[in-house]
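Colleague: Make a model of this:
(one chain, ligands or ions: 1)
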Amino acid sequence: MAPLPALDEIDLGNDAFVERIPHETFALLRREAPVWWYDWPGGRGFWCVTRHSDVVSVSRDTKTFSSAQGANLEDLDEEMMAARRSMLETDPPRHTRLRGLVGPPFTPRAVKAYELALRELTREILDRALPLGEFDFVEEIAKELPIRVLARLLGTPESDTDRLIDWGDRMIANTDPDYADVLHDSPASEAYRLVPFRSPAALELFEYGHALAAERRREPRDDLVSKLVHTEIDGERLTEREFDTMFLLLVVAGNETTRQAIAHGMLALVEHPDQWERLRGDPQLAWERGADEILRWSSPVLHFRRTATADTEIRGQPIAAGDKVVVWYVSANFDEEVFEAPERFDVGRSPNRHLTFGGGGPHYCLGAHLAKLEVQVLFDELLPRLAALEVTGPVERMRTNFTNAIKRMPVRVTARGAR
Ligand code: HEM
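Modeller: So this is what the prediction gives:
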């Protein structure tokens, strides 16, 4: 690990995450200032909560730590929040009803039934990618599975998955000049202050969603979009804006995140050949424990934010009503109080109480079981087919402090039996 910086030198802006996750910064915060005020240059400052137990207690206390003023770092006025609010930025009891509407296809039992279909999709993806020999792992493998699974659940045609990927990338990577139409931290983004991620891509996705909703209104099918347009909550249907933000949330939340778990998982196995060897000899280990260690290690979502609804305190540190409180999952996942040798990638780690899907409470990731199954199936299918995989060029990361994102990872593969 790099040497610990001084507290007053800490930078948690987007540029600080371009080379790698600054784990030494989080180690310092956990040790010296577990509830630390960061004078964020991008807007009002915020409290950084970096210890595992504090991330859990903040996430579960929705009365004191509300999601209704925003889940990301950006300061939103009432007009912006009203226009952009999704389920993620809603507190109970409204949240409970919205979640009930989209929950059924994501329960452990429902997800278990997708395993066969996931395997078929994965095989198709690998059959196409592996014979290429040299390719970008993110582009050909990691990107493909999550979006195709979502497309099936939502009921979007398979031919549209590239467009969904493109919209998702342009929104999530709104701080990276490689993808963003309008950089989030630039004055030009002011024109998009009323749309999610301040991104024109959100408007294009809304338009696409409207056309799909109209089709499903006329002819319902067994998919999530049909459910969103037909089911009533408290005798009411979702408003057009509620439909838009729910559709967008589902497309964005399940796409980029799972992609990153897969990409980082592959990279971690390449960088830790002894762990790859362990999995090679024991597929059950990969399924039962390896997937969770990949999820801990990759921490695709670095943080989410809450806002204090009243004067309170965390670990003795007073927090004023209205202050933003940011829970850093990536730090909690490397908390030495909970994980033995957290800096070690250990595919047999048990117990593994990672907070990759959140600290618990009502917003705990809706897609957690699905995402884990995708990681399990992908590696279960991929590893036996690989004699070797080398990373042949620079692993390029996205400029963002929100997700732990690899943009490109050139690889050369030798398929089993091809040597
Ligand atoms: C490895 C992949 C994934 C990671 C790391 C991840 C992470 C997260 C995190 C950290 C949260 C917020 C938890 C909180 O605030 O307490 C969340 C919420 C959410 N996730 Fe995931 N997620 C992943 C995959 C998925 C998938 C496949 C879907 C499927 C559509 C999905 C849908 C959602 C939704 C809808 C929410 C909002 C839940 C709510 O507000 O009630 N996620 N996710």
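Colleague: give me the number of residues near the residue in the stretch 301-419 of the chain positioned nearest to the ligand?
Modeller: As assessed by Cβ to the nearest ligand atom, the ligand sits closest to Gly367 within the stretch 301-419 of the chain, at 2.1 Å. To be clear about C-beta, it is placed using only N, CA and C from the backbone, and glycine gets the same treatment. By other Cβ atoms under 10 Å, the residues close to Gly367 number 24.
Colleague: which one is it nearest to, not counting chain neighbours?
Modeller: Spatial nearest neighbour of Gly367, chain neighbours left out: Gly254 (4.7 Å); criterion: Cβ to Cβ, 6 or more residues apart in numbering.
Colleague: Check what pLDDT the one you found gets.
Modeller: On pLDDT, Gly254 comes in at 87.
Colleague: from what I can see it touches Leu150, true?
Modeller: Yes. Counting by Cβ atoms under 8 Å, Leu150 is a contact partner of Gly254 at 5.0 Å.
Colleague: what about the helices in the stretch 251-400 of the chain?
Modeller: 256-271, 273-281, 283-285, 291-298, 329-332, 368-382 (DSSP state H, counting those that start in this stretch).
Colleague: Go through the ones you listed and pick out the most buried.
Modeller: Highest mean neighbour count among the helices of the stretch 251-400 of the chain (mean count of other Cβ atoms under 10 Å): helix 329-332, with a mean of 26.
Colleague: Point out the other helices and strands that that helix packs with.
Modeller: Applying 3 or more Cβ pairs under 8 Å, 6 or more residues apart in numbering; DSSP states H and E, we find helix 329-332 packed against helix 23-32, helix 52-60, strand 303-308.
Colleague: That one - what's its average pLDDT?
Modeller: 98.
Colleague: what residues are up against Glu158?
Modeller: 148, 151 (Cβ atoms under 8 Å, 6 or more residues apart in numbering).
Colleague: any idea how far it lies from Arg218?
Modeller: From Glu158 across to Arg218, the span is 21 Å (Cβ to Cβ, to the nearest Å).
Colleague: Any idea how far the helix or strand of the chain with the lowest mean pLDDT is from the middle of the chain?
Modeller: Using mean pLDDT, DSSP states H and E, helix 161-172 stands out as the lowest-scoring helix or strand of the chain, at a mean of 89. Remark: helix 161-172 is offset 14 Å from the chain centroid, using Cα atoms, centre = their mean, to the nearest Å.
Colleague: Can you list the helices and strands that that helix packs against?
Modeller: Helix 161-172 sits against helix 144-154, helix 200-218, helix 240-253, helix 256-271, with contacts defined as 3+ Cβ pairs under 8 Å, 6+ apart.
Colleague: that older thread, residues near the residue nearest to Gly367, how many?
Modeller: For Gly254, the count of nearby residues is 24 (other Cβ under 10 Å).
Colleague: So which bits of the stretch 251-400 of the chain are right by the ligand?
Modeller: Counting by Cβ under 6 Å from any ligand atom, the residues of the stretch 251-400 of the chain close to the ligand are 253-254, 257-258, 261, 300-301, 304, 329, 356-359, 361-367, 370-371.
Colleague: Show me the shaky parts of the protein.
Modeller: Counting by pLDDT under 70, the chain shows low-confidence ranges at 1-4, 418-419.
Colleague: Quick check, central residue of the chain?
Modeller: Thr257 (3.3 Å; Cα atoms, centre = their mean).
Colleague: In space, what's closest to that residue - neighbours in sequence excluded?
Modeller: Per Cβ to Cβ, 6+ apart, closest to Thr257 is Pro300, 4.4 Å.
Colleague: I'd guessed the one you found sits against Ala263; true?
Modeller: No. Using Cβ under 8 Å, Pro300 is not in contact with Ala263; the gap is 9.2 Å.
Colleague: Would you check how far apart the residue nearest to Thr257 and Arg349 are?
Modeller: Separation of Pro300 from Arg349 (Cβ to Cβ): 18 Å.
Colleague: Which parts of the least confident helix or strand of the chain count as buried, going by neighbours?
Modeller: Buried residues in helix 161-172, counted by 16 or more other Cβ atoms under 10 Å: 161, 164-165, 167-172.
Colleague: returning to that earlier point: is it possible to get the helices and strands packed on helix 329-332 out as TSV so that each row also shows mean neighbour count?
Modeller: Formatted as TSV, the helices and strands packed on helix 329-332 follow (neighbours: other Cβ atoms under 10 Å):
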stretch	mean neighbour count
helix 23-32	18
helix 52-60	21
strand 303-308	22
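Colleague: Make a markdown table from those and add distance to Asp176 to it.
Modeller: Formatted as a markdown table, the helices and strands packed on helix 329-332 follow (distance: least, Cβ to Cβ, whole Å):
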| stretch | distance to Asp176 |
| --- | --- |
| helix 23-32 | 20 |
| helix 52-60 | 26 |
| strand 303-308 | 17 |
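Colleague: list the contacts for Gly393?
Modeller: Residues near Gly393 by Cβ under 8 Å, 6+ apart: 408, 410.
Colleague: Nearest residue to Ala117 in space, ignoring adjacent ones along the chain?
Modeller: Arg152 (7.2 Å).
Colleague: can you check Gly45 too?
Modeller: Nearest one to Gly45, counting by Cβ to Cβ, 6+ apart, is Asp39 at 4.6 Å.
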